[in-house]
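**Student:** Need coordinates for the following:
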Amino acid sequence: MEGYLRIVLSSATVYLFIILAIRLFGKKELAQLSIIDLVFILLISNAVQNAMVGSDSSLTGGLVAATTLFVINYLFKFLLYRFPKLNTFIQGSDLLLIYKGQLNQQNMAKARITNEEIIEAVREHGVSEIREVDLAVLETDGNISIISNEYKHHTNRKRKGRNKIMKSQ
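**Tutor:** Numbering: from 1, shown residues only. So this is what the prediction gives:
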């Protein structure tokens with residue numbers, strides 16, 4: 001039993017560390033992982049595996065670690081829902097990137113978003129130029145929401161089928 005308690009405590013500690021590290025090092029690409037981000041996440045998960053289960057490579061040890069992560073994740077989400085200030089502290093707040101066709105360079109620097117990345121996001125939402133964007137916001141989940149006069153009904157999620165329909169109209 002003592003070995004499983006160690007797995008529970010180690011798994012919870014690793015979970016909280018990863019949340020804190022992601023918060024400190026940025027959230028820009030969370031919604032759309034690049035190759036670099038995917039490799040990073042895979043390597044992090046491999047690096048912390050032994051920290052969570054130690055020498056216990058049994059099925060039970062793995063299930064205890066996984067169950068702990070599910071429980072901690074559920075509790076964490078409950079706390080974020082229950083305490084909005086904690087939610088803002090952990091997830092941050094949205095950032096205005098474009099307002100009435102003008103880039104907000106200060107917020108772009110804060111989010112470490114390049115001009116090329118914002119131009120790509122604008123095009124992904126079916127808008128051809130930055131000057132046509134009324135509002136672009138980096139959401140707390142890492143998505144960039146774009147609103148323009150012509151495309152007010154676009155969401156911050158990419159839906160290829162919907163965009164094809166929009167372009168054909």
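**Student:** ok, and what's touching the helix or strand hosting residue 117?
**Tutor:** Under the criterion of DSSP states H and E, residue 117 resides in helix 115-124. Here helix 115-124 makes contact (CB atoms under 8 Å, 6 or more residues apart in numbering) with 28, 97-98, 103, 108, 128-130, 133, 136, 144, 146, 158. Glycine gets a C-beta too; all of them are placed from N, C-alpha and C.
**Student:** what lines up beside the helix or strand just after that helix in the sheet?
**Tutor:** Where DSSP H and E defines the elements, the next helix or strand beyond helix 115-124 is strand 133-138. Next to strand 133-138 in the sheet, as set by DSSP bridges, lie strand 95-99 (antiparallel), strand 144-148 (antiparallel).
**Student:** Going by neighbour count, which residues in strand 133-138 are buried?
**Tutor:** Across strand 133-138, burial judged by 16 or more other CB atoms under 10 Å covers 133-134, 136-138.
**Student:** Return the alpha-carbon coordinates of the helix or strand hosting residue 68 using CSV.
**Tutor:** Element membership for residue 68, per DSSP H and E: helix 59-82. Output of helix 59-82 as CSV, limited to C-alpha atoms (Å, rounded to 0.1, in the frame of the first residue of the first chain):
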residue,chain,number,x,y,z
LEU,A,59,-0.3,-3.0,-14.5
THR,A,60,-1.6,-2.0,-11.1
GLY,A,61,1.1,0.7,-10.7
GLY,A,62,0.2,2.1,-14.1
LEU,A,63,-3.5,2.0,-13.3
VAL,A,64,-2.9,3.8,-9.9
ALA,A,65,-0.9,6.5,-11.7
ALA,A,66,-3.6,6.9,-14.4
THR,A,67,-6.4,7.0,-11.9
THR,A,68,-4.6,9.6,-9.9
LEU,A,69,-4.2,11.8,-12.9
PHE,A,70,-7.9,11.4,-13.8
VAL,A,71,-9.0,12.3,-10.2
ILE,A,72,-6.6,15.2,-9.9
ASN,A,73,-7.7,16.5,-13.3
TYR,A,74,-11.4,16.3,-12.3
LEU,A,75,-10.7,18.0,-9.0
PHE,A,76,-8.6,20.7,-10.7
LYS,A,77,-11.3,21.5,-13.2
PHE,A,78,-13.9,21.6,-10.4
LEU,A,79,-11.7,24.1,-8.5
LEU,A,80,-11.2,26.2,-11.6
TYR,A,81,-14.9,26.3,-12.2
ARG,A,82,-15.7,27.0,-8.5
